[in-house]
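**Student:** Coordinates for the following, if possible.
(one chain, ligands or ions: 1)
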Amino acid sequence: MADERPILMFDSGVGGLSVLAPTRALLPQASYIYVADNGGFPYGIRSEGEIAARVPALLGRLVERHHPRLVVIACNTASTIALAAVRAALDLPVVGTVPAIKPAAEQSHSRAIGVLGTDATVRQPYVDDLSARFAADCIVLRHGSARLVELAEAKLRGEAAGLDAYREVLSGLLDQPEGNRIDTVVLACTHFPLVADELAAAAPRQLSFVDGGPGIARRVAHLTDGQDWPETASGEAVFTAPVEIGDALRAALIERGLGRISIL
Ligand code: DGL
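**Tutor:** Coordinates of the predicted model:
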C-alpha cells in the first residue's frame, strides 16, 4: 500500500536545501515539502524568545496542513533553540540540525576547530555542550555571520558576489587568537554548505569544511526504514510570505526536486 505522507523540511530560507539534497539522494522515493519561513527570515539575528515562540507554532500549523511522516528542522538556529519544544509539541519524529562538532573533532589534526554559524547559534549553550562532549581536547573558536546567510540567499537568486565578501567572513574566524591553528571549519548554519566552494576558494589556506547534511540524511533513512512510499514522489516548496521567484531560484528549487511552489 502506498503511503503518501511527505517528509517536511523546514528552514528560515533556502539553507535547508543543503539538507534536502543529501536526503533526496538517499531517499528519492519520498515526497518532500520544503518550507522556507521567509516571513521570519533571518533567524540568526533574532532573540531566543522570538525563535522559541515562532518555530513550534509554525511547525504545528504546517504539520496539520501537510500530515508529514517526519519533520526535519533543517536549521541550526531553530534546532539549537527550539528542538525540545518542537518535539514536545508534535506527535511525530522530529530530526534537528545541530553543529557538526563531533565529526569535525574526529578529523581535525591540529585540534583547533572553527564553528561558523549565525550569531544566535554560536552563542547557544548547546554549542558549549557539544564542544565539551565531543571536542574537549580541541580549541573551538566561533564566529557568527548574518552576511554569509545573505550571500547564500543571493547566490541562489543568481546574484554572485566576489570572493572578498567571503574572505571577510572567514577572517572573523581565522583572525581570532589561535585562529591560525584551525584546520577544520564546522558549517553550523544550513545556508553555508551552499557557498562551500566560495569559502574554499576564499580561504587563505586549505581548510576542511564539515556540515550536518549527510548525517541527517542517514538519520532520516534510518527512521523511515521499512516504511511504504508514495506511488509517485513529489516535491513542493512552501514560502510563509509572498516572495518573488526569479528564474535562478526557480531553477535551484527544480534542481532539488521542488517543482511546485506555494505560499502558506
Ligand atoms: N539556515 C539557518 C541556520 O541553519 C539560519 C539562517 C538565518 O535565518 O539566519 O542556522
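
**Student:** interface residues of the stretch 101-250 of the chain facing the ligand?
**Tutor:** By the rule Cβ under 6 Å from any ligand atom, the part of the stretch 101-250 of the chain lying against the ligand is 118, 121, 149, 189, 190, 191. Heads up, the C-betas are built off the backbone N, CA and C, glycines and all.

**Student:** which residues of the stretch 151-264 of the chain fall in strands?
**Tutor:** 184-187, 208-210, 235-239, 260-263 (DSSP state E, counting those that start in this stretch).

**Student:** Most tightly packed of those?
**Tutor:** The highest average neighbour count among these, using mean count of other Cβ atoms under 10 Å, belongs to strand 184-187 at a mean of 27.

**Student:** Give me the number of neighbouring residues for residue 137.
**Tutor:** 8 (other Cβ atoms under 10 Å).

**Student:** surely it meets residue 113?
**Tutor:** No - here residue 137 lies out of contact with residue 113, judged by Cβ atoms under 8 Å, at a distance of 10.6 Å.

**Student:** can you tell me which helix in the protein is longest?
**Tutor:** helix 48-66 (DSSP state H).

**Student:** list the helices and strands it packs on?
**Tutor:** Applying 3 or more Cβ pairs under 8 Å, 6 or more residues apart in numbering; DSSP states H and E, one finds that helix 48-66 contacts strand 7-11, strand 32-36, strand 70-73, helix 76-89.

**Student:** which parts of it are buried?
**Tutor:** 51, 52, 54, 55, 56, 58, 59, 62, 63, 66 (16 or more other Cβ atoms under 10 Å).

**Student:** quick one: secondary structure of residue 41?
**Tutor:** Secondary structure, DSSP: H, G, I helix; E, B strand; the rest coil: residue 41 is coil.

**Student:** Pull the contacting residues for it.
**Tutor:** Neighbouring residues of residue 41 by Cβ atoms under 8 Å, 6 or more residues apart in numbering: 12, 13.

**Student:** Can you add pLDDT and distance to the ligand and give the buried residues of helix 48-66 back as a markdown table?
**Tutor:** Rendered in a markdown table, the data for the buried residues of helix 48-66 read as follows (pLDDT from 0 to 100; distance: Cβ to the nearest ligand atom, whole Å):
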| residue | pLDDT | distance to the ligand |
| --- | --- | --- |
| 51 | 97 | 10 |
| 52 | 97 | 15 |
| 54 | 97 | 11 |
| 55 | 97 | 11 |
| 56 | 97 | 16 |
| 58 | 97 | 13 |
| 59 | 97 | 15 |
| 62 | 97 | 17 |
| 63 | 98 | 20 |
| 66 | 97 | 20 |
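
**Student:** Greatest separation within these: which pair is it?
**Tutor:** 52 and 66 (22.4 Å; Cβ to Cβ).

**Student:** For the most centrally placed residue in the chain, give me its contacts.
**Tutor:** Computing the C-alpha centroid of the chain and ranking residues by Cα atoms, centre = their mean puts residue 190 first, at 2.4 Å. Counting by Cβ under 8 Å, 6+ apart, residue 190 touches 11, 15-19, 74-76, 97, 211-213.

**Student:** about what we covered before: just send the strands of the stretch 151-264 of the chain back as a markdown table, with mean pLDDT too.
**Tutor:** Shown next, in a markdown table, are the strands of the stretch 151-264 of the chain (pLDDT from 0 to 100):
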| stretch | mean pLDDT |
| --- | --- |
| strand 184-187 | 98 |
| strand 208-210 | 98 |
| strand 235-239 | 98 |
| strand 260-263 | 96 |
